[in-house]
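> structure for this input, please:
(one chain, ligands or ions: 2)
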Amino acid sequence: MILAIESSCDDTSVAVTEIESTKLLFHKKISQELEHSVYGGVVPELASRLHAKALPKILNDAKEFFPSLKAIAVTNAPGLSVTLQEGVMMAKALGISLNIPLIAVNHLMGHIYSLFIEKEEIKPLMVLLVSGGHTKILKFNGIEEVCEIATTMDDSFGESFDKVAKMLGLGYPGGPVIEKLAKKGEDIVPFPLPLKNSPNIAFSYSGIKNAVRLAIESAKFKPEDIAASFQSKAIEHLTFMCKRAFKKYKPENFAIVGGASANLKLREEFEKLSEKFGFKLIYPQMQYTSDNAAMIARAGIEMYKKKMFTDYKDIKIIPRVAFKGCD
Ligand code: KG4
Ligand code: ZN
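Ligands and ions are numbered 1, 2, ... in the order given. Presented below is the predicted three-dimensional model:
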């Protein structure tokens, strides 16, 4: 078995997975959304303190598996350095005391492997990653073969929902509350479609965010119409750029992962494109869209099989990571 720890942002999570069968034997998560919602976003120091409290509690519940562990996997990048540190410290302490190898997992790789929890890998795969920290189109061909087709030049997709929710006084995280409010509104506020005239495949969310701020200040529109129009334009920007990628790379399989892949309007729009472009559309199960340790354990299994271990004295916290570009 492999034990995995995730603490890159505001979710503390631990999973235990059987290596051969990929069966998930234990999975617990403590979210800090409530604690951060009063601030309209994640406060790193508070998050770190809450991880330090939650991790020993969850690990204590997983104690019965300790004698069967063959390795310990932990998210070491990307994320908030003070929260990554909590998970890595705990993984080090536990791993050294059990005398088992350490596996340092890239959180973004974890999101890709959220597709394969208790399942076989599917490859090659084009992946749209939409989370609070990232908006990327990636090409996946196994744990060691991931390249980047496109990324955001400023805010991420999820972050723009969080910021718009904050401006509308709706709390944190913004994604689910905006999606809910948008159902009551109409797409009537004329927000701009970002990078429409640029020939590149890239993302930018700062322009729509500013347009939302101006619309709120103008006091001409109802919050539900702002939410509906913002959501619609934010998703149109994704489909606009993904269509370019579909034309260029002609994927057979296309997956949407990350916290924002829970958005049903987004799913609906990509279902339409799946028919038009003829690819198979894949999502993680709903409970694995947001941050969790089951996905870290699943990626960890592939790394274990390839003996991709990190020495205890060499493990580093890497707040930002970049994938190599695709040719
Ligand atoms: O993957 P995740 O749990 O954490 C990161 O790795 O960042 O993603 C969290 C992000 C937040 O920005 C949240 O607002 C967004 O995902 N999100 C959504 C929805 N549910 C969560 N965005 C749009 N629509 C949703 N339904
Ligand atoms: Zn994430």
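
> interface residues of the stretch 1-150 of the chain facing ligand 2?
By the rule CB under 5 Å from the ion, the part of the stretch 1-150 of the chain lying against ligand 2 is Ser131. In short, each C-beta sits where N, CA and C put it, glycine included.

> which parts of the stretch 1-150 of the chain are strands?
2-6, 11-17, 24-31, 71-77, 102-106, 125-130, 135-140, 146-151 (DSSP state E, counting those that start in this stretch).

> now these in JSON lines, with distance to ligand 1 and mean neighbour count?
Formatted as JSON lines, the strands of the stretch 1-150 of the chain follow (distance: least, CB to the nearest ligand atom, whole Å; neighbours: other CB atoms under 10 Å):
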{"stretch": "strand 2-6", "distance to ligand 1": "10", "mean neighbour count": "29"}
{"stretch": "strand 11-17", "distance to ligand 1": "7", "mean neighbour count": "26"}
{"stretch": "strand 24-31", "distance to ligand 1": "9", "mean neighbour count": "18"}
{"stretch": "strand 71-77", "distance to ligand 1": "10", "mean neighbour count": "26"}
{"stretch": "strand 102-106", "distance to ligand 1": "12", "mean neighbour count": "24"}
{"stretch": "strand 125-130", "distance to ligand 1": "7", "mean neighbour count": "24"}
{"stretch": "strand 135-140", "distance to ligand 1": "10", "mean neighbour count": "24"}
{"stretch": "strand 146-151", "distance to ligand 1": "14", "mean neighbour count": "18"}
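
> need the contact list for the residue positioned nearest the centre of the chain.
The chain has Gly258 as the residue nearest its centroid, 3.2 Å off, counting by CA atoms, centre = their mean. For Gly258, the contact set (CB atoms under 8 Å, 6 or more residues apart in numbering) comprises 111, 129-131, 134, 158, 289.

> taking the stretch 201-327 of the chain, what residue is nearest to ligand 1?
Closest residue of the stretch 201-327 of the chain to ligand 1, CB to the nearest ligand atom: Gly259 (2.0 Å).

> residues near the closest residue to Met1 other than its chain neighbours, how many?
In this structure, Met1 finds its nearest non-sequential neighbour in Ser68, 4.8 Å apart by CB to CB, 6 or more residues apart in numbering. Neighbour count of Ser68, defined by other CB atoms under 10 Å: 12.

> from Glu269, how far off is the residue in the stretch 101-250 of the chain positioned nearest to ligand 1?
Closest residue of the stretch 101-250 of the chain to ligand 1, CB to the nearest ligand atom: Gly175 (1.9 Å). The gap separating Gly175 from Glu269 is 15 Å, by CB to CB, to the nearest Å.

> compare those two (neighbour count), which wins?
Neighbour count, other CB under 10 Å: between Gly175 and Glu269, Gly175 has more, with 27 against 17.

> list the buried ones in the helix or strand containing the more buried one?
With elements taken from DSSP states H and E, the one containing Gly175 is helix 174-182. Neighbour-count burial for helix 174-182 flags 174-179, 181-182 (criterion: 16 or more other CB atoms under 10 Å).

> count the neighbours of Lys92 for me.
Burial of Lys92 is recorded as 16 neighbouring residues (other CB under 10 Å).

> before we move on, what about Lys23?
12.

> what's next to the lowest-mean-pLDDT helix or strand in the chain, contact-wise?
The helix or strand of the chain with the lowest confidence, counting by mean pLDDT, DSSP states H and E, is helix 33-37 at a mean of 93. Helix 33-37 is contacted from outside by 10, 42-43, 46-47, 50, 171-173, using CB under 8 Å, 6+ apart.

> returning to what we had before: how near is the residue of the stretch 101-250 of the chain closest to ligand 1 to Asn141?
Gly175 is 29 Å from Asn141, where distance means CB to CB.

> skip the chain neighbours and tell me the closest residue to the residue nearest to the centre of the chain.
The spatially closest residue to Gly258, leaving aside those adjacent along the chain, is Ser131, at 3.5 Å (CB to CB, 6+ apart).
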